[in-house]
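1. here's a sequence, model it:
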Amino acid sequence: MYRTEDVLTRAHSACGQGTVYWLGEGGRSADAALPTSALPVGQLWPTLPLAQQHALEPLALAAGLDVHDPALVVPACDCSGFVCWALGFGRKSNPAPYTDDAGWIYTDSIWADAMGAGVRFERRARATPGALVVYPKAGSGENYGHVGLVMEADADGRARLVAHCSAVNFKVAPFDAIKITSPELFEQQPRSIYAWCRSVG
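-> As a prediction, this is how the structure comes out:
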């Protein structure tokens, strides 16, 4: 069991590492020094749909990444991978009420568990440091769900700062998908809730 202070320290340590956002990456092992996976972007680039290449190439160029270099490997993560690693467990386990059928923990499974059985994630009315703020893809009107870790909260129980891994974070310098930002991204989504991981003491 991790203490809240441990979770916040881990989240801080992942910032400033030049992480690229890539869906499905990161968070495989809680024992890893960072939440990221080594992603062979240079090899994967030609397999991406052209529309995706056109959207991503300007970001890569701005960050100084040559996506046409077949040897290019970058640290990559997504929001669920980052959060699971910060909380001290891998994002894949045996199937459970807080995973999908294959055992993967992701935004919709975290949200559903917190809104329902509360086996691993219980809903909270107020934000506190170490809590999650999460919304699902389902019913949100967005292409993906999103989850972050509350780093600071105000006296009214609202998040003030959130650590999260997001493609949006990578769009502005310093080019890093893992940043600590305002909670605006989550406050704009009506399905956002606060949740607490039961393995944090």
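
2. quick one: buried residues of stretch 9-21?
-> For stretch 9-21, a neighbour-count test (16 or more other C-beta atoms under 10 Å) marks 10, 11, 14, 15, 18, 19, 20, 21 as buried. C-beta here means a position set from N, CA and C on the backbone, and glycine is covered the same way.

3. among those, which ones are in helices?
-> Those of these mapping onto helices are 10, 11, per DSSP state H.

4. mind picking the two most distant members of the buried residues of stretch 9-21?
-> 10 and 20 (19.4 Å; C-beta to C-beta).

5. can you list contacts of the longest helix along the chain?
-> Assignment by DSSP H gives helix 50-62 as the longest helix of the chain. With C-beta atoms under 8 Å, 6 or more residues apart in numbering as the test, helix 50-62 has contacts from 45, 48, 66, 67, 170, 171, 173, 175.

6. which stretches of the protein form helices?
-> Counting by DSSP H, the helices of the chain are 4-13, 41-44, 50-62, 79-87, 107-115, 184-187.

7. can I get those helices in CSV including mean pLDDT?
-> Shown next, in CSV, are these (pLDDT from 0 to 100):
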stretch, mean pLDDT
helix 4-13, 97
helix 41-44, 95
helix 50-62, 90
helix 79-87, 98
helix 107-115, 98
helix 184-187, 97
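
8. looking at those, which is nearest to residue 197?
-> helix 79-87 (5.1 Å).

9. need the contact partners of that closest one.
-> 2, 7, 10-11, 14, 24-30, 32, 34-35, 37, 77, 90-91, 105-107, 110, 132, 146-149, 163-166, 178, 197, 199-200.

10. what bridges to residue 122?
-> residue 196 (DSSP bridges).

11. wait, it touches residue 195, no?
-> Yes: using C-beta atoms under 8 Å, residue 122 makes contact with residue 195 at a distance of 6.5 Å.

12. more neighbours: these two, which one.
-> Taking neighbours as other C-beta atoms under 10 Å, residue 122 and residue 195 compare with residue 195 leading, 22 against 16.

13. which pLDDT value goes with that one?
-> According to the prediction, residue 195 has pLDDT 98.

14. could you find the closest non-adjacent residue to it?
-> residue 114 (3.8 Å; C-beta to C-beta, 6 or more residues apart in numbering).

15. neighbours around the residue lying closest to residue 15 once chain neighbours are set aside, how many?
-> Distances taken as C-beta to C-beta, 6+ apart place residue 178 nearest to residue 15, at 5.4 Å, with adjacent residues excluded. For residue 178, the count of nearby residues is 30 (other C-beta under 10 Å).

16. try the one 3 residues further on
-> Around residue 181 sit 16 other residues, with neighbours defined as other C-beta under 10 Å.

17. which ones are touching the closest residue to it other than its chain neighbours?
-> Nearest non-adjacent residue to residue 181, counting by C-beta to C-beta, 6+ apart: residue 162, 6.2 Å away. The neighbours of residue 162, taking C-beta under 8 Å, 6+ apart as the test, are 133, 148, 149, 150, 151, 180, 181, 182, 183, 185, 186.
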